[in-house]
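Enquirer: I need the structure of the sequence given here:
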Amino acid sequence: MNSQGGVLLSVLMAIFLFSFLLLNVTTSYHQTVDLAIRTEQLYQAKIAKELFLAEYPKLHKNNGIWKFNKGELAYETEATQLKIIVKIKKKTYHFYEKTSTSTSLD
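Expert: Presented below is the predicted three-dimensional model:
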């Protein structure tokens, strides 16, 4: 009997499966790296915001730019809230904080 056709089909199937698995592993790796980078940048933006808020009471301007080593932070005071825009590389993050504090009834 001629069994060469069966071997060719098996080899082609093995190559296809190997290629499919390699593609899935590569895609998963790229997605994981992208998620890690975006998460790191989000936390850098949040840290920059918190550091800025610690310095904000000392500032006497209603708007401006505050630069730090990973990017820059722009702020603007609107009515009762503080609008903070943090730019890190190509990403922009928007934060809103209340500027007025509640008064207690004595």
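Enquirer: looking at this structure, which helix or strand is least sure?
Expert: strand 63-68 (a mean of 89; mean pLDDT, DSSP states H and E).
Enquirer: so what secondary structure elements neighbour that strand?
Expert: Here strand 63-68 touches helix 4-55, strand 71-78, going by 3 or more CB pairs under 8 Å, 6 or more residues apart in numbering; DSSP states H and E. All C-beta spots, glycine's among them, are computed from the backbone N, C-alpha and C.
Enquirer: centre of the chain versus that strand, how much separation?
Expert: Using CA atoms, centre = their mean, to the nearest Å, the mean C-alpha position of strand 63-68 is found 20 Å from that of the whole chain.
Enquirer: Sheet-wise, list the partners of that strand with their directions.
Expert: Neighbouring strands of strand 63-68 in its sheet, by DSSP bridges, are strand 71-78 (antiparallel).
Enquirer: in the partner strand, what's buried?
Expert: For strand 71-78, the buried set under the neighbour-count rule, 16 or more other CB atoms under 10 Å, comprises 71, 73, 75.
Enquirer: okay, the angle between the next helix-or-strand element following it and helix 4-55?
Expert: Sequence order places strand 81-88 as the next helix or strand after strand 71-78, per DSSP states H and E. Using axes from the mean of the first three to the mean of the last three CA atoms, to 10 degrees, the inter-axis angle of strand 81-88 relative to helix 4-55 is 130 degrees.
Enquirer: Make a markdown table out of the buried residues of strand 71-78 and add distance to residue 59 and pLDDT.
Expert: Converted to a markdown table, the buried residues of strand 71-78 look like this (distance: CB to CB, whole Å; pLDDT from 0 to 100):
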| residue | distance to residue 59 | pLDDT |
| --- | --- | --- |
| 71 | 19 | 91 |
| 73 | 12 | 95 |
| 75 | 8 | 94 |
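Enquirer: Redo these as JSON lines? Include distance to residue 86.
Expert: Putting those into JSON lines (distance: CB to CB, whole Å) gives the following:
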{"residue": "71", "distance to residue 86": "7"}
{"residue": "73", "distance to residue 86": "5"}
{"residue": "75", "distance to residue 86": "10"}
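Enquirer: what's near enough to touch the residue sitting nearest the centre point of the chain?
Expert: Centre of the chain computed as the mean C-alpha position; nearest residue by CA atoms, centre = their mean is residue 38, 2.7 Å away. Contact partners of residue 38, counting by CB atoms under 8 Å, 6 or more residues apart in numbering, are residue 91.
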